[in-house]
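Visitor: Here is a sequence together with a model predicted from it:
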Amino acid sequence: MATGWVKLENDMPHTLKAPVHSELIIKKSRFIGCVQPMTDRASAQAVVDGLRAQHPGAAHVCWALLAGGQSAAVDDGEPSGTAGRPMLDVLRHQDLEGVLATVVRYFGGVKLGAGGLVRAYTDSVAQALLHAEKIERQVMAEIECTLPYAQEGLLRREVDSAGVKLLDVSHGSQVIARLELPLCAAPDFVARLNDLTQGRIGWLRDGTQKPP
C-alpha cells in the first residue's frame with residue numbers, strides 16, 4: 001500500500017496572532033520593542049532592515065528569532081550576550097515558536113552596564129508579550145507524490161477542494177507534485193488520493209526525512 005512521507009516543522013505550541021509594540025525609557029535611553037509572528041530568518045532580516053531604515057538615528061537594532069533551525073540572536077553592537085540572547089530566552093520561556101522580537105535602542109548618554117542592558121532588553125520583549133495574543137500554531141506537513149499525466153487534473157481538483165497548498169509541480173516521465181497541508185489532515189488526504197487514482201499515485205521520501 002502506498003504511504004506518504006511527512007516533513008514536520010519543529011513546532012512548539014503557540015505563536016502570536018499579530019505584532020505588538022512596547023516602549024521603555026531607561027536612564028534616558030529609549031527602547032522600542034516589538035514581537036510578531038515570523039516563520040524564517042530571511043523574513044526576519046527584512047523586518048530588521050526595515051527598522052534600520054525607519055530609525056536611522058538609533059544606536060542599535062537588536063533582535064531574536066525563535067523559529068526552529070532558523071533561530072537567531074543578534075546583539076548588533078551591544079556587548080556580547082546582553083541583548084539578542086536575553087530576548088531569545090524570553091521567547092523560549094513563553095513557550096513560543098515562529099516569533100521575532102526586535103528592540104530599537106536610542107542611546108541616551110548614560111551607560112547601563114551589562115546587567116542593566118540584559119534587564120532592559122528582557123523587559124522590552126516581556127512588556128510587549130504582556131499585550132500579545134497567543135494562538136495555537138498549526139503543525140504543517142509537506143508531502144510529495146508522483147502520478148501519471150492523466151491524473152494531474154484530478155490531483156489539482158482535490159488540492160483546490162481540500163484547501164491544500166501546491167508548493168511545486170514538475171514534469172518528467174511523470175508528474176511530481178509537492179504539497180503542504182495541516183498534519184492532522186494528511187492521512188485522510190493521502191488515503192483519498194490513493195482511492196481516487198486506484199493506486200496509480202506514488203508517495204516519495206527525500207532520503208533525509210524519516211517516514212511517520
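Guide: Looks like it arrived, so ask away. Numbering: from 1, shown residues only.

Visitor: which strands and helices sit next to the host helix or strand of Ala128?
Guide: If you go by DSSP states H and E, Ala128 is part of helix 113-130. Contacts defined by 3 or more Cβ pairs under 8 Å, 6 or more residues apart in numbering; DSSP states H and E place helix 113-130 against strand 20-26, strand 29-37, helix 84-93, strand 99-106. C-beta: built from backbone N, CA, C; applies to glycine.

Visitor: Report the buried residues of it.
Guide: For helix 113-130, a neighbour-count test (16 or more other Cβ atoms under 10 Å) marks 117-129 as buried.

Visitor: repeat for stretch 141-157
Guide: Those would be 141-147, 151, 155, for stretch 141-157 by 16+ other Cβ under 10 Å.

Visitor: now do stretch 175-192
Guide: 175-179, 181, 183, 186, 189-190.

Visitor: coming back round to it: any idea which helix or strand comes after the helix holding Ala128?
Guide: Defined by DSSP H and E, the subsequent element after helix 113-130 is strand 134-136.

Visitor: Which strands and helices lie in contact with that next one?
Guide: If you count contacts as 3+ Cβ pairs under 8 Å, 6+ apart, strand 134-136 packs onto strand 14-16.

Visitor: now what about the helix holding Ala128, what contacts it?
Guide: 20-22, 24, 26-27, 29, 31-35, 62, 64, 78-79, 81-83, 86-87, 89-91, 94, 101, 103, 105, 112 (Cβ atoms under 8 Å, 6 or more residues apart in numbering).

Visitor: Need the residue closest to the centroid of this protein.
Guide: Centroid-nearest residue in the chain: Thr39, 1.9 Å away (criterion: Cα atoms, centre = their mean).
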